[in-house]
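Undergrad: Mind folding the following:
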Amino acid sequence: MKPRFQIDISPTAQSSLEAHQVLATLDHDHCYHLSQNLRLPLGIYNISVTRISEKLTALCRRLELYFQTSSKLDALHKKTETRKELIDYIELSIYAAAEHVDDIDSIAGGFLKGTHARKKNTAYRQLQKEVTKHKKFIASSANAIKHQQSRIRLFSNEFAHAGIDGCLHGYFVEGVENGVIGPSSTLHKAQDVFSITTLAWEIILFVLSCSRELRVFLNSISTSSANPVDMQIDVFSKAVIAAARLPLYTFGEEHPFSRSTITIVASGDKSAAMDSNIYGSILRGWSHSPDATFGVSTSEFEGDGSTKSFRFAQPKIISLHHWQ
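TA: Predicted coordinates for the structure are as follows:
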C-alpha cells in the first residue's frame, strides 16, 4: 500500500504535518535542546518548515507567471530576469529541503544526551534510516550543486494538445564529462531533464514523509499533553496551493504521486485559490485526448569563456499526469 497523506488547506484547518501536534504538546522536562544551544523542538520545526514553504511558494509563483507569459519560446526568451529568478528559487528550494534533514536531526538528537545515547537508541536510528530514504533525491541534487560546481539550467518544450498550445518547463543540473557540458551524468542517468512542477511535489512529499517519521520517533521518546492545541501552519498550505496551480507532467522521471497518495481538502474559498486557469493544473486538468504534438525545445547554458562543447538535454519521454 502506498503511504497516504491528507492536506487540509481550509482557513481554520489544523496543520497537516503529523509531527506538529506532538511537538506542540511535548513535555520539555527531559530534553537537552537548550543545553545544546538549540531552540526548543517546536521552534526548530516551525522555522525549518517556514523556510522551505516560503522558498517553494516563491518558486511556484514565478513559474506560474512564466507559464502565463506565453506558450512560445521566442517570447519567453525575452524574460531573462524571470528565468534567473526561477533558477535561483529552484536552488534555494532544494537547499532549504536538504537542510530540513539537519533540523529533523537536531530535534530528535536533542532528546538524547550525547552521541553514545543516540547510537544506542533504536527509535533514533530508525528515524535516521527512514529520513535517509526520503532525502535521496533532494540530497543528491543539493550535493551536486554545492560540491561539484554544477549549475541548474532550464529546459523548455513547446507542445500542442487537444487544440491547446503550451510550453512545458524543466531543469537539469549541469555537469562536465570529457570536456563536454551537459546534464550531469550522476543525476541524469535515466533522463536528461526533471520537471520543475514535479520538484515542487517532491519537496512537499519529502516534508510530509519526514514529519510522519518524526511523529513516530517523538511518540516513542517523550510524553505529550493529552489535550490538543490549536496548531495551524498557513505557510505550508500556501506552498501546496501554489504547487496545485501548476500543471502535472514529467520528462521521464518518476512522479511522487506514483509513490504516495496526497489528498487535498479545501473549503469553497480555498478551492478557488487553486484556480490558475493553466492547462494541466488541478482545476483545469489535461484532456484525455491522444492528440498531442511536441515542437521545438531549448536547453540553456551559460558560457564560461573556455568550454566549447555542449550536449543539449533531450527527454526520451514526456508524460502528462492527470489529477485523480
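Undergrad: can you give me the strands for the stretch 1-150 of the chain?
TA: 4-8 (DSSP state E, counting those that start in this stretch).
Undergrad: Show me where it dips below the pLDDT cut-off.
TA: Within the stretch 1-150 of the chain, the ranges that satisfy pLDDT under 70 run 147-149.
Undergrad: likewise the stretch 151-300 of the chain?
TA: For the stretch 151-300 of the chain, the ranges with pLDDT under 70 are 224-226, 268-270.
Undergrad: which residues of it fall in helices?
TA: Using DSSP state H, counting those that start in this stretch, the helices of the stretch 151-300 of the chain run over residues 196-221, 234-244, 268-273.
Undergrad: Can you give me the buried ones in the first one?
TA: Translated: helix 196-221. 196-218, 221 (16 or more other Cβ atoms under 10 Å). Bear in mind the C-beta positions are built from the backbone N, C-alpha and C, glycine included.
Undergrad: To S319, which of the helices of the stretch 151-300 of the chain lies closest?
TA: helix 196-221 (10.1 Å; Cβ to Cβ).
Undergrad: Would you pull up how far that closest one lies from the middle of the chain?
TA: 10 Å (Cα atoms, centre = their mean, to the nearest Å).
Undergrad: That helix vs strand 4-8, what angle?
TA: If you take axes from the mean of the first three to the mean of the last three Cα atoms, to 10 degrees, helix 196-221 sits at 100 degrees to strand 4-8.
Undergrad: Helix 234-244 and helix 196-221, what's the angle between them?
TA: Using the same axes, to 10 degrees: helix 196-221 against helix 234-244 is 150 degrees.
Undergrad: Can you give me the neighbour number for the residue nearest to H321 when sequence neighbours are not counted?
TA: Spatially, and ignoring its direct neighbours in sequence, H321 is nearest to L248 (3.9 Å; Cβ to Cβ, 6 or more residues apart in numbering). L248: 22 surrounding residues under other Cβ atoms under 10 Å.
Undergrad: And S53, how far from S237?
TA: From S53 across to S237, the span is 8 Å (Cβ to Cβ, to the nearest Å).
Undergrad: With H30 instead?
TA: From H30 to S237 the distance is 33 Å (Cβ to Cβ).
Undergrad: if you skip the residues just before and after it, what's nearest to T263?
TA: According to Cβ to Cβ, 6+ apart, the nearest residue to T263 is Q6 (4.7 Å).
Undergrad: Pull the contacting residues for the one you found.
TA: Neighbour list for Q6: S16, I262, T263, I264, V265 [criterion: Cβ atoms under 8 Å, 6 or more residues apart in numbering].
Undergrad: Contacts only, for the last one.
TA: Neighbour list for V265: Q6, I7, D8, I9, S10, A13 [criterion: Cβ under 8 Å, 6+ apart].
Undergrad: Tell me how many other residues crowd the closest residue to I7 other than its chain neighbours.
TA: Counting by Cβ to Cβ, 6+ apart, I7 lies nearest to S16, which is 4.3 Å off, once chain neighbours are set aside. Using other Cβ under 10 Å, S16 has 23 neighbouring residues.
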